[in-house]
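1. Provide a 3D model corresponding to the input given below.
(4 chains)
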Number of protein chains: 2
Amino acid sequence: MSDAPVTLSQVAREAGVSLATASRAINGSATRSVREDLRERVLEAARRLAYSPDPSAQAMARGRTTALGLVVHDIADPYFSTIAAGVARAAERAGLIVTLASTEHSSARELAFVELARRQRSRAIILAGGRLEPEGAGGSDGGSGADAPGAAGVSQTATSAADDAGPASEPGALEAALNAFQEAGGGVALVGQAIGGLPVVEIANADGAADLARALHEHGYRRFAVLAGPDGHRTAADRTAGFTAALAELGSPVAPDDVLTCPFTRDGGYTAMRDLIERADGATPGESTGRLPELVFAVNDVMAVGAMAAVRDAGLSVPDDVAVAGFDDIHTLRDVSPGLTTVRIPLAEVGELATELALGRGEQKRTAVRGEVVLRDSTPRRPAEGA
Amino acid sequence: MSDAPVTLSQVAREAGVSLATASRAINGSATRSVREDLRERVLEAARRLAYSPDPSAQAMARGRTTALGLVVHDIADPYFSTIAAGVARAAERAGLIVTLASTEHSSARELAFVELARRQRSRAIILAGGRLEPEGAGGSDGGSGADAPGAAGVSQTATSAADDAGPASEPGALEAALNAFQEAGGGVALVGQAIGGLPVVEIANADGAADLARALHEHGYRRFAVLAGPDGHRTAADRTAGFTAALAELGSPVAPDDVLTCPFTRDGGYTAMRDLIERADGATPGESTGRLPELVFAVNDVMAVGAMAAVRDAGLSVPDDVAVAGFDDIHTLRDVSPGLTTVRIPLAEVGELATELALGRGEQKRTAVRGEVVLRDSTPRRPAEGA
DNA sequence: CTGTTAGCGCCTTCAG
DNA sequence: CTGAAGGCGCTAACAG
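-> The predicted structure follows:
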């Protein structure tokens, strides 16, 4: 059928006007305007021919794409996919196409995508996901040489760009790339926590965790442990810090031993909780406690669910033997049983907000979203108890 | 700093060669080759200048983008986000940029995206998500006029294109659009079930459900109900059909009354299960059963979890009062308790497969993925029972 | 208000 | 094997 796409000039010819007029009629060029009847004719012709503009051509002529870059750590993670849903919605509203990058936690890849976005002249870019402190992430393969195979080096694919960025990019490289992107006229928005002075939808991780701690304390809990996520993970660190700080203030400090480092994943939560249980059982001798904490706070829901599984697998019960709390209020996890106490973050809205921020609607460059504590059955009120 | 992006000609000048040579050196033009030392010089210059090609320009010159379109119903749904993760991985491997479209169940939007992809000359497009039978989905607003506001009609944004496609596109329009896309040289892959003769990663929904039914029957279950999803939803219908057919064969047919239509969502599962319970309670008089079925099969995990919540909210227990089974084996839901019996579909792999199919690696145009029954605690073996 | 004319950055025939 | 020249589809100065 209609093999070769219809071009604007075909439309112009069909309508009996010049190319320029057709262009103006169709996109309503900023300053110029077109006589009503001509416009009608052009529009009519375009409809008849089923014309639709070529984004690449427009991008080239305008020096600006209609693309919105979204980079997340892992699109399969409900935290990110919910944000992505918000971004997708807002982007569609703005008439933008979203290009998705799932970096699988490689900061090199992240950097490569930001650079790609700049090169591609994306309209804006949104970076979601807990920034890692300098350290860097590094891929699984340590690809030794900088430019190993064939015609690498200067590549035209995101892939190879990521590959030869090496195991971990220098700290600051991301910020620099983002700044360059912005200076080139692109919009930027971060989700989570700030980098430099870039626009950001901040999630009040520390405050939310502190609120949670207070609510739990008020419920009668006194002895806590924290599954704190990996070292160098900002989001995890902020949640941990907010939680422990609030407890310290309340006179129920968390012992350093009871703050366990672990991956930011379901398995991380599972394993850490299992360790905690083994320790309480005396299976791992030489440890302090000897008994389980009353409540375990996992710094995200997915970890919390892993932790609950570990409790069950050990033949124990949540909340009878240990209470568990999480963070995020992942929608898909709202029906776990017992219901998981958590801090609700309106992730989809966060995505929409970030999009609007990146697009520069509204002046503020910084929005904060504060979570709301949601108490459920995984942390019932404790019966009064003597010191 | 480096404000205006570096262009190929700058690289060429820097290397002291012509534009053409630089181009050939960098992308290794099919037929032509370049002397080794010149190539080195060009590559070196490119590196020094941090050159990277402009995708739009390449797209225009080559008449083909480096974009891979992925359209899903709802990226926040773990089913789709897991597929998306697979697609993202495979796309990166292939050096493609994925552009994401979350249609929010509007078939008009779906169609619009396919057309956009064609216009944009995307390399390939992947359509995931249960095709709806003709009926069409329709947005929430019934946008009356075909071309209502201002300069609509011929639009340059996916948004407006979707808007004026009206509530529901004619059946076959999608297939036609897909065919046109393919004829224009783009790759296509469907996920779920076939449309016409297009390449597809089929998910053996009926077979998987039948396997599940047999396993459950073997476990001693005899009286079933099905939360069947909405009318006209292919995936839902196939699962329901496979399940009921297998049971009929085994001599435990499911009464039509016990096949409940409901939305394909958590709330759909919740509500339908609640209805089932009320019915059993006699709260809704004039109904047949009077007692709960032994097992309720929800056609996807998310619905199943909603159903489990309804059971709990009614003060009943899974599996003591009713057993529950789902479909998909959503990763995030693997830790619900009791563990949910389901049919595991390797969703991420499905995404990768679809990508490869769409890219035309390998000749076959059709791959089938069969799920694997996973029995968990939500459907324990039933004690032997008299007729 | 409309039409003509240059490019945008790159690839790809063409000559040399 | 290399360089020069044209064009992809569209927009944005320019004239008219």
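2. Now do the SS call for the residue lying closest to A:Asp211 once chain neighbours are set aside.
-> Residue nearest to A:Asp211 in three dimensions, not counting chain neighbours: A:Val373, with 5.0 Å by Cβ to Cβ, 6 or more residues apart in numbering or on different chains. All C-beta spots, glycine's among them, are computed from the backbone N, C-alpha and C. Classification of A:Val373 using DSSP: H, G, I helix; E, B strand; the rest coil returns strand.
3. Hmm, A:Val373 is touching A:His217, no?
-> No. With contacts counted by Cβ atoms under 8 Å, A:Val373 stays clear of A:His217, the gap being 11.7 Å.
4. where do the strands sit along the stretch 201-350 of chain A?
-> Along the stretch 201-350 of chain A, counting by DSSP state E, counting those that start in this stretch, strands occupy A:224-227, A:259-260, A:295-298, A:323-325, A:342-344.
5. strands paired with the third one, and their directions?
-> Under the criterion DSSP bridges, strand A:295-298 sits next to strand A:224-227 (parallel), strand A:323-325 (parallel) in its sheet.
6. can you tell me how far A:Asp328 sits from A:Ala354?
-> Distance of A:Asp328 to A:Ala354, given as Cβ to Cβ, to the nearest Å: 16 Å.
7. Looking at those two now, which is surrounded by more residues?
-> Ranked by neighbour count (other Cβ atoms under 10 Å in any protein chain shown), A:Asp328 and A:Ala354 place A:Ala354 first, with 29 against 26.
8. So is the host helix or strand of A:Glu14 next to DNA strand C?
-> According to DSSP states H and E, A:Glu14 maps onto helix A:8-15. No. Helix A:8-15 is not in contact with DNA strand C by Cβ under 7 Å from any atom of the strand; minimum separation 7.7 Å.
9. Ok, stretch A:61-70 next?
-> Yes. Residues of stretch A:61-70 contacting DNA strand C under Cβ under 7 Å from any atom of the strand: A:Ala61, A:Gly63.
10. Could you dump the strands of the stretch 201-350 of chain A into CSV with mean pLDDT added?
-> As requested, those are exported to CSV (pLDDT from 0 to 100):
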stretch, mean pLDDT
strand A:224-227, 98
strand A:259-260, 97
strand A:295-298, 98
strand A:323-325, 98
strand A:342-344, 98
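11. Make JSON lines out of those strands and add distance to DNA strand D and mean neighbour count.
-> Formatted as JSON lines, these follow (distance: least, Cβ to the nearest atom of the strand, whole Å; neighbours: other Cβ atoms under 10 Å in any protein chain shown):
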{"stretch": "strand A:224-227", "distance to DNA strand D": "53", "mean neighbour count": "28"}
{"stretch": "strand A:259-260", "distance to DNA strand D": "55", "mean neighbour count": "19"}
{"stretch": "strand A:295-298", "distance to DNA strand D": "50", "mean neighbour count": "31"}
{"stretch": "strand A:323-325", "distance to DNA strand D": "53", "mean neighbour count": "27"}
{"stretch": "strand A:342-344", "distance to DNA strand D": "43", "mean neighbour count": "25"}
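12. Take those and write them to JSON lines, including distance to A:Val42.
-> Shown next, in JSON lines, are those (distance: least, Cβ to Cβ, whole Å):
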{"stretch": "strand A:224-227", "distance to A:Val42": "62"}
{"stretch": "strand A:259-260", "distance to A:Val42": "66"}
{"stretch": "strand A:295-298", "distance to A:Val42": "60"}
{"stretch": "strand A:323-325", "distance to A:Val42": "61"}
{"stretch": "strand A:342-344", "distance to A:Val42": "50"}
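13. Can I get these in a markdown table including distance to DNA strand C?
-> Formatted as a markdown table, these follow (distance: least, Cβ to the nearest atom of the strand, whole Å):
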| stretch | distance to DNA strand C |
| --- | --- |
| strand A:224-227 | 48 |
| strand A:259-260 | 49 |
| strand A:295-298 | 47 |
| strand A:323-325 | 52 |
| strand A:342-344 | 46 |
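14. returning to that earlier point: list the buried residues in the helix holding A:Glu14.
-> A:Leu8, A:Gln10, A:Val11, A:Ala12, A:Glu14, A:Ala15 (16 or more other Cβ atoms under 10 Å in any protein chain shown).
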